[in-house]
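In: How does the following fold in three dimensions:
(one chain, ligands or ions: 1)
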Amino acid sequence: QTGSAPNHPSDSEDDEYITNVSIGTPAQVLPLDFDTGSSDLWVFSSETPSSSARGHTIYTPSKSSTSKKVSGASWSITYGDNSSSSGDVYTDTVSIGGFSVTGQAVESATKVSSQFVQDTSNSGLVGLALDSGNTVKPTKQKTWFSNASSHLASPVFTADLNHQADGSYNFGFIDTSLASGPITYVPISTGNGFWEFTSSSYAIGGGSSKKHSTDGIADTGTTLLLLDDTIVDAYYNQVQSAQYDDSQEGYTFDCSEDLPSFSFAVGSSTITVPGSLINFAPVDGNTCFGGLQSDDGIGISIFGDVAIKAALVVFDLGNKRLGWAQK
Ligand SMILES: O=C(NC1CCCCC1)N[C@H]1[C@H](O)[C@@H](N2CCCCC2)[C@@H]2OC[C@H]1O2
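Out: Numbers count the residues shown, from 1 in each chain. So this is what the prediction gives:
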C-alpha cells in the first residue's frame with residue numbers, strides 16, 4: 001500500500017506548506033502543516049476557544065463515529081519559534097493521500113498561541129519526526145507515519161516542496177521522476193528524535209568547497225535554511241548590498257541583487273540551492289530578506305523549506321537514513 005497527497009505553499013512567501021487530511025467518520029477534512037521537525041498530530045477542534053478558532057477549520061470528535069477519547073491523556077508543545085499549543089487526546093481514523101490509519105492519536109487543542117490563531121492557513125500540524133519526540137502524557141503516542149509504516153509497501157516517505165507551486169508528500173514509495181539527480185543517502189542520528197544528519201562542507205556560488213561540519217535536521221515545518229554564523233556571514237559577504245538588519249533579525253539586501261547559489265554536502269554529493277530561492281521575501285520597498293539565516297542560539301542547524309525546495313527528500317525510517325536528490 002501507498003499514499004500520495006499534494007501540498008501547496010500557504011502564501012506568496014512559501015511560509016509553510018499545506019496538505020488536506022481526512023479525520024473521522026464521516027471524513028472531516030482539515031488543511032494541516034506537515035512538520036518533519038516535530039512528532040505530534042494536533043488540530044484546532046470543537047474544544048478550541050471559539051475566539052482562537054475563528055477562521056480555522058475544526059475537528060469535532062463528537063461528530064465522528066470512530067472517535068474515542070484517550071482517558072487521562074494530555075499534550076503540550078512549544079516550538080523553536082516559541083509558538084505553542086496544548087490539549088487532550090482522541091483516537092480516530094486519519095487518512096492522508098488515500099492511505100488510512102485507524103486508531104491514530106489526534107491531539108485536540110484546548111489552547112493555541114497567537115502565532116497559530118493568526119495563521120489561518122492551517123488547522124494544525126502533522127508531526128513526522130520520530131516517535132520519541134511526541135509530547136502526549138502519560139502514554140506517548142505514535143506519529144501517523146510510524147503507525148502507517150508497517151502497512152506501507154516500504155517504510156519511507158518523501159517531501160517534494162516547490163516555490164509557489166504544488167508539490168507532494170508520498171508515503172511508501174519513492175517517485176524518482178520528481179528529481180533531476182540521483183538520491184544520495186546519509187545516516188540519521190536518532191537520539192534527539194529528529195531526522196538529523198551531518199553535512200561535511202559547503203560552497204557559495206561556483207566557489208571552492210569549504211570543509212565545515214554541520215549537524216542539522218531536515219525540517220519541513222521551518223521556513224528557512226538556518227546554518228552556523230560563519231557560513232551565513234561568508235555567504236552574505238558575497239552579496240554587495242547585504243547587511244544584518246537588527247529590526248528584521250536577519251540579513252537583508254537589495255531585491256534586485258542576483259544572489260549566488262548555496263551548496264551543501266550530502267555524503268559525497270552536493271545539493272545546490274539556487275540564489276533565487278535565497279531571495280526569500282520583500283520586507284519593505286526594495287529590501288528583501290534572506291532565506292539563509294543564522295542558527296545562532298538554537299544548538300542545531302535547520303535544513304528548512306528553503307533547502308528542501310531544492311531537492312526531493314527521502315525520509316527512510318526502515319534504514320534510519322535521509323536521502324537527498326537535486327530537483
Ligand atoms: O518553530 C519552528 N522551527 C524553529 C524555527 C526557529 C529555529 C528552531 C526551529 N517551526 C514552527 C514554525 O515556525 C511554525 N510556523 C507557523 C507560521 C508559519 C511558518 C511556520 C509552524 O508551527 C510549528 C513549526 O511549524
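In: burial measure for the nearest residue to T2 once chain neighbours are set aside, as a count.
Out: Spatial nearest neighbour of T2, excluding adjacent residues (CB to CB, 6 or more residues apart in numbering): G172 at 3.7 Å. The C-beta positions use only the backbone N, C-alpha and C, and glycine is treated the same way. G172: 21 surrounding residues under other CB atoms under 10 Å.
In: Kindly state the pLDDT recorded for G172?
Out: The score at G172 is 98. That number is its pLDDT.
In: Just confirm it contacts L152, I think it does.
Out: Yes - at 3.3 Å, G172 and L152 qualify as touching, with contact defined as CB atoms under 8 Å.
In: Next, show the common contact partners of these two.
Out: Q1, T2, G3, F99 (CB atoms under 8 Å, 6 or more residues apart in numbering).
In: and the residue in the chain that the ligand sits nearest to, what does it touch?
Out: Proximity to the ligand, evaluated over the chain using CB to the nearest ligand atom, is greatest for G80 at 2.5 Å. Contacts of G80 were listed using CB under 8 Å, 6+ apart, and they are G37, T222, I298, I302.
In: residue ranges of the strands in the stretch 201-327 of the chain, please?
Out: 210-218, 225-227, 243-245, 250-254, 262-266, 269-273, 279-284, 287-290, 292-294, 301-303, 311-316, 321-326 (DSSP state E, counting those that start in this stretch).
In: Tell me which of the ones you listed lies nearest to F194.
Out: strand 210-218 (4.1 Å; CB to CB).
In: Stretch 303-312 and the ligand in contact?
Out: No - shown here: stretch 303-312 not in contact with the ligand (CB under 6 Å from any ligand atom), separated by at least 7.3 Å.
In: Can you check the distance spanned by that stretch, start to finish?
Out: End-to-end distance for stretch 303-312, by CA to CA, to the nearest Å: 13 Å.
In: How far off centre is that stretch?
Out: Centroid separation for stretch 303-312 versus its chain: 9 Å, with CA atoms, centre = their mean, to the nearest Å.
In: One more: stretch 313-326?
Out: 15 Å.
In: in it, what's buried?
Out: V313, V314, F315, D316, L317, R321, L322, G323, W324, A325, Q326 (16 or more other CB atoms under 10 Å).
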